[in-house]
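Engineer: Show me how the following folds:
(one chain, ligands or ions: 1)
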Amino acid sequence: MSQTRNESTNGPQDGTRRQPVSIPFSSRLLEGRALAQDVWSIFNAANLPSDCLNLGQGYMNFAPPKWITDAATEALNTVGANHYSHPKGRPRLRKAIKQFYGSQFNRDLDVESEILVTSGANEGQYSVFVAFLEHGDEVIMFEPFFDQYLPSVTFNGGKPVYVPLHPPSRDITKPTSNDWTIDFEELRAAVTPRTKIIIVNTPHNPVGKVFTRTELEKIAALAEEFNLLVMADEVYDCLVFDNKEHVRIATLPGMWERTVTVGSAGKSFAATGWRVGWLIGPASIISPTLAATTRIVFCSNSPLQEAAAAGLEQAVEHQFFENQLKEYQERRDIFVDALDQLGVTYTLPEGTYFVLMDSSSVKFPDDYPFPKTVLGRGRDFRACWFIAMEIGVSSIPVSEFYCEEHMSLGENYIRFSFCKDLDTLKAAAARLQNLKKYLA
Ligand SMILES: Cc1ncc(COP(=O)(O)O)c(C=O)c1O
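Structural biologist: Sure, this is the predicted structure:
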C-alpha cells in the first residue's frame, strides 16, 4: 500500500522515469462546444468584482416557499424517500403531475405510460435524444437556443440544424418578444430527409417569446408533413405575462402523438438545484425515453420528488402560480422601467425571466483591459464584461446562443435575468443609470 503511494507521488522506485499519463478523452467532446469555455464560467461571480449584482445566470436568489421546503424536510424524515424511486418517478409526483396538467392537455393522463419524472428538464431532454437519435439524424432548433441542447444532441450522434428567430427591425422603438420572428420558408428549407426532431421552446429562453397559436400551427403542419418528433420545451410555462396565451403544441390537432412536453420543478418552484423535471407525452415516446433514463440515472432524487409533488398538489390552495406570476411581473416591470429611464432599446419579454437589451449603443474603449476570455468573441462579450466591471451588474452575451454562422445576429444583445429579489433588482436598476455616460 505504502509503495503504491510512493509511486504515485515520487515515481517508481527502480530509478526509471515515468511517462506523464495521457489517456485520450472521447472525440465526442470535440463537438457541441463541450470543451469551449462556456459563458457561465467566464461571467461567473468568482471572475467579477465581489459586489457585482448577478443578473447573469438564470437562477433565483430566493428560496422556494416554506410550505414546499417543509415538504422536502418531511420527506427526508421518512425511510422510503431516502431510497431509490421507481425510474418512472415516484407515484405521488406522477399523480400530482396528472392532476395538475391533465386539464391543460385536455387529457386523462396515464401515470404509468404518459408521464416520466427526470433529473431536471435537462436530463429528460438528453434521454429523449438517447432514445430517438440515430447517428446523423438532424435536430432543428431556433436560435438563440438554450445552450445545453447543442451538446445533448451531438453527444448522441445528432446534427444540430439552426433556424434563427429574426430580431426586431430597427424601426421598432419598443419591441416585444413577439417581434422576434420565424421565417417559415427558412424553416421549411431546414428540413431534410434526416430531420428527426424539432425543438420548440416556448416561452423562449433567452428571447422571452411566447410562440403564438398561428406560429405553432405552422410548425405543427411541418412536423406532420415530415413526420418529426416535437420536443416542446415549456419549462417557463408558469411565467407568461400580460394575459398572453401559452399554447401547448401538444394540444393542437394531431400533435399529441408526436410531441413530448418538458417541465421543470426548478423553474416552477424556484428550486433549480433540486434537479427534478418531467416529460409528458404519448407512451410511444415516453416508453423508449424511460428505457434511456433508467440506464442514465436509474431514478431521480427521491425526497425532492415528494416536495415537488406537494408543490403541485397544494399550488391551487396557496394560489401559488398566480402569486408567483404577479411577483415576476413586478420584477420585470422594475427592471424594464430602469432600461426605459436609461433610454436603451430592449425586448419586452412576454414570458420567462429574461430581458434582452440592445447593447450596440454602449460605447467602451477598444483598449479597455478585457481578459483574453472575452476577446475574439462577439462584441456582446465585451459589452457584458464592461458593464459588469464599470456598472457592477452582470449579464450574459447572447451570441453564445447562436451557431458560428449566425453569431452576428445576436451580437448586439445581452441578457439580464430578473429572477432576483426586489432589493437586488432595485439596486441593479439604480446602478444601470450610471451607464448613461457610456451611451452614444
Ligand atoms: C429553455 C430551458 N430548457 C431547459 C432548461 C433546464 O431546466 P432544468 O434546470 O430543469 O434542467 C433550462 C434551464 O435554464 C432552460 O432555460
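Engineer: For the stretch 101-250 of the chain, what lies in contact range of the ligand?
Structural biologist: Within the stretch 101-250 of the chain, the positions lying close to the ligand (CB under 6 Å from any ligand atom) are 120-122, 146, 201, 205, 233, 235. For every residue, glycine as well, the C-beta is placed using N, CA and C.
Engineer: is it possible to export those residues to a markdown table including neighbour count?
Structural biologist: Converted to a markdown table, these look like this (neighbours: other CB atoms under 10 Å):
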| residue | neighbour count |
| --- | --- |
| 120 | 25 |
| 121 | 24 |
| 122 | 20 |
| 146 | 20 |
| 201 | 24 |
| 205 | 25 |
| 233 | 26 |
| 235 | 25 |
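Engineer: Return the subset of those residues lying in helices.
Structural biologist: Within these, residues falling in helices by DSSP state H are 120-122.
Engineer: Of these, which is the nearest to residue 44?
Structural biologist: Nearest to residue 44 among these: residue 122, at 18.9 Å, using CB to CB.
Engineer: Show the contacting residues for the closest one.
Structural biologist: Residue 122 makes contact with 148, 152, 277, according to CB atoms under 8 Å, 6 or more residues apart in numbering.
Engineer: Find the helix or strand that the residue lying closest to the second one once chain neighbours are set aside is a member of.
Structural biologist: Sequence neighbours aside, residue 126 is the residue nearest to residue 152 in space, at 4.7 Å (criterion: CB to CB, 6 or more residues apart in numbering). Residue 126 belongs to helix 120-132 when elements are defined using DSSP states H and E.
Engineer: Which neighbouring elements make contact with whichever helix or strand comes after that helix?
Structural biologist: Toward the C-terminus, helix 120-132 is succeeded by strand 138-143 as the next helix or strand (DSSP H and E). The helices and strands touching strand 138-143, judged by 3 or more CB pairs under 8 Å, 6 or more residues apart in numbering; DSSP states H and E, are helix 149-154, strand 159-166, strand 195-201.
Engineer: Pull the most distant pair out of the residues of the stretch 101-250 of the chain next to the ligand.
Structural biologist: 120 and 201, at 15.1 Å, using CB to CB across these.
Engineer: And the pLDDT for the residue of the stretch 1-150 of the chain found nearest the ligand?
Structural biologist: Going by CB to the nearest ligand atom, the ligand is nearest to residue 120 of the stretch 1-150 of the chain, at 2.9 Å. We have a pLDDT of 98 for residue 120.
Engineer: Quick check: it touching residue 266?
Structural biologist: Yes. The criterion here is CB atoms under 8 Å, and residue 120 meets it with residue 266 at 6.1 Å.
Engineer: Dead centre of this structure: give me the residue that sits there.
Structural biologist: Central residue of the chain (CA atoms, centre = their mean): residue 146, 4.9 Å from the mean position.
Engineer: quick one, phi/psi of that one?
Structural biologist: phi -60, psi 120 (degrees, to the nearest 10).
Engineer: Report how many residues lie close to residue 221.
Structural biologist: 15 (other CB atoms under 10 Å).
Engineer: Tell me the most packed of the contacts of residue 122, by neighbour count.
Structural biologist: Ranked by neighbour count (other CB under 10 Å), the contacts of residue 122 have residue 277 at the top, with 26 neighbours.
Engineer: in the sheet, who's paired with that residue?
Structural biologist: residue 118, residue 264 (DSSP bridges).
Engineer: can you list the weak-confidence ranges in the stretch 101-250 of the chain?
Structural biologist: Scanning the stretch 101-250 of the chain for pLDDT under 70 picks out no residues.
Engineer: Show residues contacting the longest helix anywhere in the chain.
Structural biologist: The longest helix of the chain (DSSP H) is helix 320-342. Contacts to helix 320-342, defined as CB under 8 Å, 6+ apart, come from residues 65, 238-241, 268, 270, 311, 314-315, 346, 348-349, 353, 355, 357, 416, 418-420, 422, 425-426, 428-430, 432-433, 435-436, 439.
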